[in-house]
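1. sharing a model that was predicted from the sequence below.
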Amino acid sequence: MARQVLITGVTGGIGGALAESFTANGDMVIGIGRRKDKLTALRDRLGESFDSLQADLETVEGIDAAVDALGERANAIDVLINNAGSMKFTPTHALNAHDVHSQLAINLLAPIWLTRKLLPGMIDRKSGLIVNMASAAGERPSPKLAAYGAAKAGLIHFTRTLAAEYADAGIRCVAIAPGPVQTGLVDKFTMAMIVRSVPLKRAALPAEIADFVRYIASDAVNLATGSVFTVDGGLSIRS
């Protein structure tokens, strides 16, 4: 039976690759994103295995509206992938209130609130998987990414807390911590500087991250919960 997979941030590089990987595996995907044109393009490319929902997850009200739009499907989600993210390189002394609020809202508060809204259905069915897209920046200090890194570190803690809290309910929760990924969010010069510090000397492709997530979501890894899977080309082994 096809699983029901909900992916946020589906119009981004990793999000689109996730939708493609899971639909290719026979899963039914509901993708949430902000851009209607990109949602339409994904629907045209992926066909009947993909459904979309345009929503802004930066506010509690936006998340509530998205869950309301899902209707009964909200109680039937087998896999939730909290993938939507926002990253901005800014020296800490130059951060403004909007920068901090936006990055905390998208990277941490949205996963917490969306998960809270979908948990009752998983609890009723005594099964479910939550995958939180964290970051290598949430595991190690990253200059100019104080707000982003703090949010992702919080997401990792949230992941472990969920895993401990809902294991008895048959619900698993894991986090993926990618290093640099070729998504277009970072300019070529900055990406080249980052990649210099990566032992494997390259950034990941979105499809590589997506296929790894799909593997983690498979029955082959059904004992993993509370785990943080670091996929960073060896960045974390550098002191």
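-> Yes, it's here.

2. can you list the buried residues in the helix ranked longest in the chain?
-> Identified as the longest helix of the chain according to DSSP state H is helix 146-166. Of the residues in helix 146-166, 146-156, 158-160, 162-163, 166 count as buried by neighbour count, 16 or more other CB atoms under 10 Å. C-beta: built from backbone N, CA, C; applies to glycine.

3. what of stretch 222-233?
-> Neighbour-count burial for stretch 222-233 flags Thr225, Ser227, Val228, Phe229, Thr230, Val231, Asp232, Gly233 (criterion: 16+ other CB under 10 Å).

4. just how off-centre is that stretch within its chain?
-> Mean-position distance between stretch 222-233 and its chain equals 13 Å (CA atoms, centre = their mean, to the nearest Å).

5. ok, and what's touching that stretch?
-> When contacts are defined by CB atoms under 8 Å, 6 or more residues apart in numbering, stretch 222-233 is touched by residues 134, 136, 139, 156, 159-160, 163-164, 167, 172-180, 198-204, 208-209, 212, 216, 236.

6. give me the subset of those residues that lies in strands.
-> In this view, the contacts of stretch 222-233 that belong to strands under DSSP state E are Arg172, Cys173, Val174, Ala175, Ile176, Ala177, Pro178.

7. out of the helices and strands in this protein, which is least certain?
-> helix 188-195 (a mean of 77; mean pLDDT, DSSP states H and E).

8. let me see the contact set for the residue nearest the centre of the chain.
-> Ranked by distance to the mean C-alpha position of the chain (CA atoms, centre = their mean), the top residue is Asn83 at 1.9 Å. Counting by CB under 8 Å, 6+ apart, Asn83 makes contact with Ile7, Thr8, Gly9, Val10, Gly12, Ile14, Gly15, Leu18, Met133.

9. out of these, which sit inside helices?
-> Among those, the residues falling in helices (DSSP H) are Ile14, Gly15, Leu18.

10. what sits against the last one?
-> This means Leu18. So Leu18 contacts Ile7, Val10, Ile81, Asn83, Ala210, Val213, Arg214 (CB under 8 Å, 6+ apart).

11. the second one too?
-> Neighbour list for Gly15: Ile7, Thr8, Gly9, Gly31, Gly33, Asn83, Ala84 [criterion: CB under 8 Å, 6+ apart].
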